[in-house]
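Participant: pasting a predicted model and its sequence here:
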Amino acid sequence: KQANHSLRWRHVPAHSILLKELKTGTTLYQFESEKRLSPASLTKIMSALVILEYGHLDDEVTVSPKAARAHKTHLRLRTGQIFRLEDLLKAMLIVSANDACLAASEHVGGDEARFVDLMNAKAAALQLHNTHFSNACGFDAPERERRRGGQRRVDEEREVAAVEVERVLGLELEIGDERR
């Protein structure tokens, strides 16, 4: 269903937009919502789901050299430092820390590649058919993977992921003035 609403912008303030009314699923506004985009830090939501499902939050995690070298947003963790998995999870979700994300994902999966396999299996189990992850932290996929369609499009899959986060954490998230 699509409502007949129009937003007037000189320049659309995003590469893609999908605005839906959550109770009915009515699309209120969309702009290139089928466009495939890099999920960037939204990837960390799926990483968090996998960590919560397969990890133990009280585990002690040792930062690997690879995690310590993570680029962009990071906490400047150093090789050999030890943190609780719960603290790394908080850092990756609150400040989008890539070094914390990589350390946590390596710990839970054994290495990042196996962790990404768990992420893609979780996406398949949630019927997120247009979703494919190539790393745990949301870095852009290599060009060859983008050509294969290895990046997801912006659509209701984000809503499915939010519902799964609520289920796993046993929460009711507030969205606007309503509770779900």
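Facilitator: Here it is on my side, so go on.
Participant: in which helix or strand does Asn120 reside?
Facilitator: For Asn120, the enclosing helix or strand under DSSP states H and E is helix 112-125.
Participant: could you pull out the helices for this protein?
Facilitator: Under the criterion DSSP state H, helices of the chain are mapped to 43-54, 65-68, 85-94, 98-109, 112-125, 143-147, 157-169.
Participant: where among the ones you listed is the average confidence lowest?
Facilitator: Between the helices of the chain, the lowest average pLDDT goes to helix 143-147, which shows a mean of 45.
Participant: can you state the direction angle for the helix holding Asn120 and helix 98-109?
Facilitator: Helix 112-125 runs at 80 degrees relative to helix 98-109, counting by axes from the mean of the first three to the mean of the last three C-alpha atoms, to 10 degrees.
Participant: thinking again about what came up before, which among the helices of the chain is found nearest to Thr131?
Facilitator: Distance to Thr131, taken as C-beta to C-beta, is lowest for helix 112-125 among those, at 4.4 Å. The C-beta positions use only the backbone N, C-alpha and C, and glycine is treated the same way.
Participant: identify the residues contacting the closest one?
Facilitator: For helix 112-125, contacts defined as C-beta atoms under 8 Å, 6 or more residues apart in numbering pick out 43, 46-47, 49-50, 53-54, 66, 102, 105-106, 108-109, 131-136.
Participant: what subset of those residues is buried?
Facilitator: Neighbour-count burial (16 or more other C-beta atoms under 10 Å) is assigned, among the contacts of helix 112-125, to 43, 46-47, 49-50, 102, 105-106, 108-109, 131-136.
Participant: farthest pair within the residues you listed?
Facilitator: Glu106 and Thr131 (21.6 Å).
Participant: highest mean neighbour count out of the helices of the chain?
Facilitator: helix 98-109 (a mean of 27; mean count of other C-beta atoms under 10 Å).
Participant: what angle do that helix and helix 43-54 make?
Facilitator: Going by the same axes, to 10 degrees, helix 98-109 makes 30 degrees with helix 43-54.
Participant: tell me what angle helix 98-109 forms with helix 85-94.
Facilitator: Using the same axes, to 10 degrees: helix 98-109 against helix 85-94 is 130 degrees.
Participant: which other helices and strands contact helix 98-109?
Facilitator: helix 43-54, strand 60-62, helix 65-68, helix 85-94, helix 112-125 (3 or more C-beta pairs under 8 Å, 6 or more residues apart in numbering; DSSP states H and E).
Participant: need these in a markdown table with distance to Ser33, can you?
Facilitator: Shown next, in a markdown table, are the helices and strands packed on helix 98-109 (distance: least, C-beta to C-beta, whole Å):
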| stretch | distance to Ser33 |
| --- | --- |
| helix 43-54 | 18 |
| strand 60-62 | 37 |
| helix 65-68 | 34 |
| helix 85-94 | 25 |
| helix 112-125 | 19 |
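Participant: among the helices of the chain, which is nearest Leu77?
Facilitator: Nearest to Leu77 among these is helix 98-109 (4.4 Å), distances taken as C-beta to C-beta.
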